[in-house]
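>>> predicted model, plus sequence, below.
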Amino acid sequence: MADPVRPRLLYFNGPWDYLGDRMRKSYIDPFHALLAQDFEMISVEGNRDFRAEVELHRPEVVLFHTGCEAPQEPEVVITNTDAYPELPRMGYIYRDPFSPSRMMAMNRLNHWGVDQTFTCFRPSDAPIPFFENTFYLPWWIDDTLFGDYGERKTLPVTLTGSGWLNKCIYTWRNEIFCGLVPRFPIFHAPSLGNRQTNHDYVGEKYARLLNRSHFSAGCGTLSRYLTLKLLEIPASRCCLIAEEIDVLKEIGFVDGVNCVFATGTNVADKVQGLLNDPTKLAAITDAGWKLVQERHTQRSRRMFSEWFQLWENRTDGQSIVQTHPLEPLKLVDRNQVKPVSRFPTENPVTEGLIEGYRLMEAKSWTPALEKFEWILKTIPCVAEARLGAALCQMRLGRPSAASPHLGYNMTLLVQHFGYAHPDPIDLAFIAVLCIRMKDVSTAVATLAKYPQIRHPALNAMRWILAQANPSLADQPAFQVRQGDDTATVLSVHLLPQRTFAEFSGLLLDYLK
Amino acid sequence: MKSRPRLLYFNGPWDYLGDRMIAAYMDPFRRLLEQDFEVISVQGDRNLRKEVEEHRPDMILFHTGTESDKEREIRIIETNAYPEIPRIGYMYRDPISSSRIAAVNRLLRWGVHQTFTCFRPSDAPSRFFENTIYVPWWIEEDLYKDYGLTKDYPISLTGAGWLSGRFFYTWRFPIFSQLISRFPVFHVPVLENHQSGNAYIGERYARLLNQSMFSAGCGSVNRFLTLKPLEIPACRCCLIAEETEVFKAIGFKDGVNCVFADESNVGSKVQALLDNPDRLQQITDAGYELVHQQHTTRSRRMFIEWYHLWKAKGPGQRIVQINPLQPLQLVDENARPMYEFPSENPLVETLRAGYDLFAQKRWKEALAKFENVLGIIPYVAEARLGAGICQFHLHRLDLAQQHLLYNIQTQIRQKTDAWPDVINQAYLAIVWIKMGRRDSAIALLAQRSDLRHPALNSLRWLVASKKAELRRKEPAFQIVEGDETQNVETLHVFPARTFAEWDAVWCELLPTESNKVKAPQVLVTA
């Protein structure tokens, strides 16, 4: 029966049938439950007519979930989204902050006209304008699932998920695995692709596995942000072994008090020390459990409801801000200086990218290239690093070394993810590269291939080519006027250029 | 029980071993003996005469210890007393361990009539092992059994070798790599033999296997029977194993009572059985039946069989083992019955191939074989010696010296250097002479003047023939030409050679030495 107190939320999401059990039980179902604690949920999946759904359900607020990163993720089509513009609209992005798949999520939210985007990562993790005013929803645990089941501790150490067996985005994990596995019995449950239902350690069985283990370990990936594992472990009254990162300290973790911060070189000794001192191990485990159960359950994540209430109550000239993800959202005067977020931004990937682009501005191509290559060595899919590396290689006179980077970005979006188009800035630079490699016909074909997309970078490149080759004027894609700043799509890239004029200057530089 | 013969069992002490070793190897061996003998166990340094007089045994058994850094070599004195009491010895070592040298020589000194081993005679190519009796591993059925536990773990992998690529258990790491990336795996590492670390030993280990759907084991690079391939099915856990001749010979069949797998198919074979629980149950049950029917303590009676045959044998008869799963037999002294158990062992085959090439003087090809062995197990003494001699012939004296010194250093590390391998010593002396380090070579040959072996005797004699005062000053060099005395065993795999044959070998290696001066006979016999 509907609760009259809770606002009605029309929730566009899914379908989720391309995901395995683990993804649904860990990320999709708990998100639904989080919303349901504050809203009367009307969940609609797949392709929809926005106007018809609103007229059918009469919601007070709308939320669009932008899906989940997995091969064969369907791109849902929601039509008539220009209807009912007065209805507050929220969007949620659940992606890795370095994932190129953000591009489609950003573009869809843009088309759907959302008033506020929420993300599973910090705005600072994706330093482009789109994310500047997004709200960060730190992970939480569902306390009806992750708790103390009173299981007997039969496993010394359990390691679950990805990254323990080789170096990948979880750079800390492999060294921890190598430190622990020769010395302690370890139960390892691998994570397979997001689509697969691989073994039974999901949901309650996963929580009970943690509850049976003295220790389990988790990290914040190379990006050093909050992952779910870091909360699931202590919530299941299991001692957390973690990498010492700013985010964990900010949300209440203290080494030797409610978790164990460790490195590959000291993890075995720290674990042995606590196995030899069961009283201390129990004290740390209990304190970790208490921290998460008190501060990091679904009960502590109310920003969707807060936002809706503030949205309803705001006056003209006010905007809603998040100054700390563990504190309530606030209304501030729009003319007031935007309050600064007080949440730690530590993130070696982002810092590497920003530094790489700063070095490019200073024309320090080789040091910039080193930054990008350092990132790509660990996370090959970072589109910003790929573009940066390509531009450096072009500047260093090695266009053939630039080509694989731009090709990677294009292939990933169009073939791997199956999106309708690549990133517009990548597309513009692919054309530049073709011209540099004396292949003008491929440059023309590349720019002509997606005539429906407009972006200042793409507009500028098409205009430049059309100027040099007037016969292109017949093709719709090349019918661009000078100074056309139209953007129908957003890019994930970090280049400071924004306008047609700025991009045409940049592109001409690269064409030299 | 009055009907059981009294066995005086010299063994231990075992206080240097960790819980795992005692629970898995020492205690079960004593219980194996106890099913047929009244066992009087005496540990540490002992006087054989006194012990026999005190206990009046029907038979004596010497256990030669286990391989561990902290093992102490015990002393048993007056072993020449009561030679009429049958004496047997038991060797529990890896068949390629350099530590065999001490065990072999102690058994020789103690005058055992028969040696029993935990490996096949064919696993240790030295001639000493030709007539040893193999006791294949067994499980204790009241420990390794079905505890009726819930299958909590899809796969458990216990013990050594799962984490690194090339060592003794060469099959394990590729299997681990395939399984751990696809299935939840509980890995329990092995600790050193003297350590008591994690608690998965004895019943807790058996229960862990019983809680697991699968566990895996292999025969090591030697492809012999290890304990794990019996413990796993005995606990009603499906065995994943390398397909070896020995496993097939003792009754394992792929897809019937175990899963034979390699890295290319282990993932799909396991997944297929996880998807077909009835079939998995059938295989698991059949493995359980096989081990409980054929490979428990009850099926390993060769000690008592030997005792009865020894008592019954007439002149001109001897006891032989034709198949380790069948009773021992009495045969005519000259009979040479065929051994009916598989000898497959890639390491030993490579080693033998190396010595075959060596015999044809194909030094580079032989060296490649020896290096192949050393790449897997660096301390195989036979391969070190072979590689050292090949390098000598290839005029790389430094490398030759390194191999031969490695053998000596291994013995020092294993605390078996009280039993130097005389053939290794002789070849090192040759290398040093060739390097111009004659004094070092003489000092080496002068050590342990009590040791006699035709190889050593002839080299000492040859060297002394160039330097007559050696015979006056150094007892080790007081050798008569043609002295065939041998009071030590060697691990090495050369054919049996006489003093003269060894002399010919040394002269070929050291042509400048062959112009020797005959020693005055009076000094030699003095």
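That came through, no problem.

>>> the closest residue to chain A within the stretch 1-150 of chain B in helix, strand or coil?
The stretch 1-150 of chain B approaches chain A most closely through residue B:149 (11.2 Å), counting by C-beta to the nearest C-beta. The way it works is simple: take the backbone N, C-alpha and C, and place the C-beta from them, glycine included. State at residue B:149, reduced to three classes by DSSP: H, G, I helix; E, B strand; the rest coil: coil.

>>> interface residues of chain A facing chain B?
Proximity of chain A to chain B (C-beta under 8 Å from any C-beta of the partner chain) is limited to residues A:155-156, A:165, A:181-190, A:192, A:198-199, A:201.

>>> and for residue A:264, the neighbour number?
Residues lying near residue A:264 (other C-beta atoms under 10 Å in any protein chain shown) number 15.

>>> in what helix or strand does it lie?
Using DSSP states H and E, residue A:264 sits in no helix or strand.

>>> show me where the stretch 1-150 of chain A has its strands.
A:8-13, A:40-45, A:48-49, A:61-65, A:78-79, A:89-93, A:116-119, A:135-136 (DSSP state E, counting those that start in this stretch).

>>> now the stretch 101-250 of chain B, which segments are flagged as low pLDDT?
Across the stretch 101-250 of chain B, residues meeting the criterion (pLDDT under 70) sit at B:166, B:191-199.

>>> report how many residues lie close to residue B:89.
By other C-beta under 10 Å, neighbour count at residue B:89 equals 24.

>>> hmm, it is touching residue B:111, no?
No. Residue B:89 is beyond contact range of residue B:111, at 9.6 Å (criterion: C-beta atoms under 8 Å).

>>> what residues of stretch B:329-348 count as buried?
For stretch B:329-348, burial by neighbour count (16 or more other C-beta atoms under 10 Å in any protein chain shown) applies to B:329, B:331, B:339, B:341-342, B:344-345, B:347-348.

>>> in strands, which of these fall?
B:329, B:331 (DSSP state E).

>>> which of the buried residues of stretch B:329-348 fall in helices?
Members of the buried residues of stretch B:329-348 lying in helices (criterion: DSSP state H): B:347-348.

>>> and of the buried residues of stretch B:329-348, the nearest to residue B:242?
Comparing these against residue B:242 with C-beta to C-beta places residue B:344 closest, at 10.9 Å.

>>> residues in contact with the closest one?
Contact partners of residue B:344, counting by C-beta atoms under 8 Å, 6 or more residues apart in numbering or on different chains, are B:223, B:244-246.

>>> as a check, name the ranges of all helices in the stretch 351-500 of chain A.
A:365-378, A:383-395, A:399-411, A:424-436, A:440-448, A:456-468, A:500-511 (DSSP state H, counting those that start in this stretch).

>>> ok, the stretch 101-250 of chain B next?
Under DSSP H, counting those that start in this stretch, the stretch 101-250 of chain B gives helices at B:172-180, B:202-210, B:228-234, B:245-249.

>>> do the stretch 301-450 of chain B as well
B:302-312, B:346-359, B:363-376, B:381-393, B:397-413, B:422-434, B:438-446.

>>> of these, which approaches chain A most closely?
Checked against C-beta to the nearest C-beta, the stretch from the helices of the stretch 301-450 of chain B lying closest is helix B:363-376, at 19.8 Å.

>>> quick check: the closest residue to residue B:376 other than its chain neighbours vs chain A, distance?
Leaving aside its sequence neighbours, residue B:376 sits nearest to residue B:221 (C-beta to C-beta, 6 or more residues apart in numbering or on different chains; 5.4 Å). From residue B:221 across to chain A, the span is 20 Å (C-beta to the nearest C-beta, to the nearest Å).

>>> what's around residue B:221, how many residues?
22.

>>> residue B:54 now?
12.

>>> likewise for residue B:418?
Neighbours of residue B:418 (other C-beta under 10 Å): 12.

>>> how far away is it from residue B:485?
20 Å (C-beta to C-beta, to the nearest Å).

>>> likewise residue A:265?
57 Å.

>>> cool, residue B:254 as well?
For residue B:254 relative to residue B:485 (C-beta to C-beta), the value is 53 Å.

>>> below-threshold pLDDT in chain A: ranges please.
For chain A, the ranges with pLDDT under 70 are A:1-4, A:192-200.

>>> centre of the chain to the longest helix seen in it, how far?
If you go by DSSP H, chain A has its longest helix at helix A:278-295. Put simply, helix A:278-295 sits 30 Å off its chain's centre (C-alpha atoms, centre = their mean, to the nearest Å).

>>> now do the contacts for the residue nearest to residue A:104 when sequence neighbours are not counted.
Among residues not flanking residue A:104 along the chain, residue A:419 sits closest, at 5.1 Å (C-beta to C-beta, 6+ apart). Shown in contact with residue A:419 (C-beta under 8 Å, 6+ apart): A:75, A:101, A:103-104, A:413.

>>> format these as a markdown table; extra columns: neighbour count.
A markdown table is the format used below for the contacts of residue A:419 (neighbours: other C-beta atoms under 10 Å in any protein chain shown):
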| residue | neighbour count |
| --- | --- |
| A:75 | 13 |
| A:101 | 24 |
| A:103 | 26 |
| A:104 | 25 |
| A:413 | 22 |
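
>>> just the closest of these to chain B, please.
residue A:101 (24.1 Å).

>>> my read: the closest one touches residue A:93, true?
No. In this structure, residue A:101 is not within contact of residue A:93 by C-beta under 8 Å, at 9.5 Å.

>>> looking at the buried residues of stretch B:329-348, which is nearest residue B:188?
Using C-beta to C-beta, the buried residues of stretch B:329-348 come closest to residue B:188 at residue B:347, 26.2 Å.

>>> show me what contacts the nearest residue to the closest one once chain neighbours are set aside?
Once flanking residues are discounted, residue B:347 sits nearest to residue B:221: 5.0 Å by C-beta to C-beta, 6+ apart. By C-beta under 8 Å, 6+ apart, the contact set of residue B:221 is B:168-170, B:346-347, B:376-377.

>>> at 10 Å what do you get?
Counting by C-beta atoms under 10 Å, 6 or more residues apart in numbering or on different chains, residue B:221 touches B:96, B:161, B:166-171, B:345-348, B:350, B:373, B:376-377.

>>> with adjacent residues omitted, what lies nearest to residue 67?
Here I'm looking at chain A. residue A:73 (5.4 Å).

>>> nope, chain B please
Closest to residue B:67 by C-beta to C-beta, 6+ apart is residue B:99, at 5.0 Å.

>>> and that neighbour, how far from residue B:351?
17 Å.

>>> who's in contact with residue B:373?
B:96, B:221, B:346-351, B:353-354, B:380, B:382-384, B:386-387.

>>> switch to 8 Å and redo it
Contacts of residue B:373 by C-beta under 8 Å, 6+ apart are B:347, B:350-351, B:354, B:380, B:383.

>>> export those residues to CSV and tack on pLDDT and distance to residue A:12?
Below are the contacts of residue B:373 laid out as CSV (pLDDT from 0 to 100; distance: C-beta to C-beta, whole Å):
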residue, pLDDT, distance to residue A:12
B:347, 94, 65
B:350, 96, 67
B:351, 96, 71
B:354, 97, 72
B:380, 94, 69
B:383, 97, 70
